[in-house]
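Trainee: all I have is the shape, not the residue letters:
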């Protein structure tokens, strides 16, 4: 490995562009943060306090998702894999660990530790953008806009901590909106050379991490429930939950995201930003399944409809968002109408929960997703429109 090489933009048509081992390690640092967020949300559902914890969950997950997003898209356009690059990646990974440590406090309204972790990550990322601006004249304007924009917005995030009680909630959303606007402004002079297939793979890998977190959350809940004895209800919930996750994995990876992004680079912001709802919903499914397992092992405050909704609603969000993100690219293997219909039917299972019980409701959800997959095999895919 060279000590230092010149940072130049990657070829957006580079064949066989895959995630690097450094990117895979970077992803793993988010496991703890996602686990903390899903776990705290699960406890809120079990106690019947979803309304009080939904906003903190979405706000905390925004910090997790956006921190992952920034380095992911940068690394798709610039990746020299020398010593300085790895060190700046290490700085960002250290920031992720600090962010993860602050997740429990964030659910209580204290984002100080999360903001500090975010600041550490920004130091590493801004340094990389400044390096790209110095080494790559063709992309200098874009790189400088990123470096300046990220730095200015970070000042707002840190300043928020000085407000009484860190300010009202709307201040958080203003800062988040400013953060989201940085790429929109920075890419105006010219879009970075991110690789469509590489980005699709990176998003797919993060999807697998979130699905894995759901499996881990369910496993931990099952271990706790086993102390009260293993029964048919617990086994049914565990198997039905696994079937739901497996079906969602199958549905997600059935869509040719790389080909779609290659054809419609102009849709990249919609596709990239829209995945916040996909990722947050997948994390929420883990919390819902953990709650479902807990409902079989011991008494919880949440009723059957709330427990069912904690799984059904995020599953429906995933299905609808897959339609919203892929349909504009004019290439889908799963018919859009089937995705929306399946989402509606999954939501309707909430009303059947008191009669079917949680095991029966989860089995019904799994059956509906299996039916969606079976039906999609029998229908022609939505083919791409002719290039313009």
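Mentor: Cool, the structure landed. Not measured: the values here are computed from a predicted model. Numbering: from 1, shown residues only.

Trainee: just checking, what packs against whichever strand or helix holds residue 176?
Mentor: Element membership for residue 176, per DSSP states H and E: helix 169-186. With contacts defined as 3 or more CB pairs under 8 Å, 6 or more residues apart in numbering; DSSP states H and E, the packing partners of helix 169-186 are helix 50-77, helix 140-160, helix 268-297. C-beta: built from backbone N, CA, C; applies to glycine.

Trainee: 6 Å - rerun?
Mentor: In terms of contacts (3 or more CB pairs under 6 Å, 6 or more residues apart in numbering; DSSP states H and E), helix 169-186 is packed against helix 140-160.

Trainee: returning to what we had before: quick one: the next helix or strand after the helix holding residue 176 to helix 268-297, angle?
Mentor: Counting by DSSP H and E, the next helix or strand C-terminal to helix 169-186 is helix 196-226. Using axes from the mean of the first three to the mean of the last three CA atoms, to 10 degrees, one finds that helix 196-226 and helix 268-297 are set 10 degrees apart in direction.

Trainee: what pLDDT does residue 299 get?
Mentor: Predicted confidence (pLDDT) for residue 299: 71.

Trainee: pretty sure it sits in a strand.
Mentor: No. Going by DSSP: H, G, I helix; E, B strand; the rest coil, the assignment for residue 299 is coil, not a strand.

Trainee: what's around it, how many residues?
Mentor: Here the number of neighbours of residue 299 (other CB atoms under 10 Å) works out to 7.

Trainee: what's the angle from the helix holding residue 176 to helix 268-297?
Mentor: Inter-element angle recorded for helix 169-186 and helix 268-297: 140 degrees (by the same axes, to 10 degrees).

Trainee: what inclination does helix 169-186 have with respect to helix 50-77?
Mentor: 20 degrees.

Trainee: how much space between the closest residue to residue 255 other than its chain neighbours and residue 36?
Mentor: Computed as CB to CB, 6 or more residues apart in numbering, the closest residue to residue 255 that is not its neighbour in sequence is residue 326, at 5.0 Å. Remark: distance between residue 326 and residue 36 (CB to CB, to the nearest Å) = 30 Å.

Trainee: residues of the helix holding residue 176 that come out buried?
Mentor: For helix 169-186, the neighbour count (16 or more other CB atoms under 10 Å) marks 172, 175, 176, 179, 180, 182, 183, 186 as buried.

Trainee: again with stretch 239-249
Mentor: Counting neighbours by 16+ other CB under 10 Å, the buried set in stretch 239-249 is 240, 241, 243, 244, 245, 246, 247, 248.

Trainee: quick check: mean pLDDT across stretch 218-234?
Mentor: Stretch 218-234 shows a mean pLDDT of 69.

Trainee: contacts for stretch 292-308, please.
Mentor: 45-48, 218, 221-222, 225, 228, 233-234, 237, 291, 350, 353-354, 358, 361 (CB atoms under 6 Å, 6 or more residues apart in numbering).

Trainee: pLDDT score for the most centrally placed residue in the chain?
Mentor: In the chain, the centroid-proximal residue (CA atoms, centre = their mean) is residue 279; its distance is 2.8 Å. Note for residue 279: predicted pLDDT of 96.

Trainee: that one and residue 203: what is the separation?
Mentor: Per CB to CB, residue 279 is found 9 Å from residue 203.

Trainee: with residue 79 instead?
Mentor: Residue 79 sits 17 Å away from residue 203, taking CB to CB as the criterion.

Trainee: how about residue 125?
Mentor: 19 Å.

Trainee: how long is stretch 293-304 end to end?
Mentor: Using CA to CA, to the nearest Å, the end-to-end distance of stretch 293-304 comes to 12 Å.

Trainee: how far away from the center of its chain is it?
Mentor: Offset of stretch 293-304 from its chain centre (CA atoms, centre = their mean, to the nearest Å): 27 Å.
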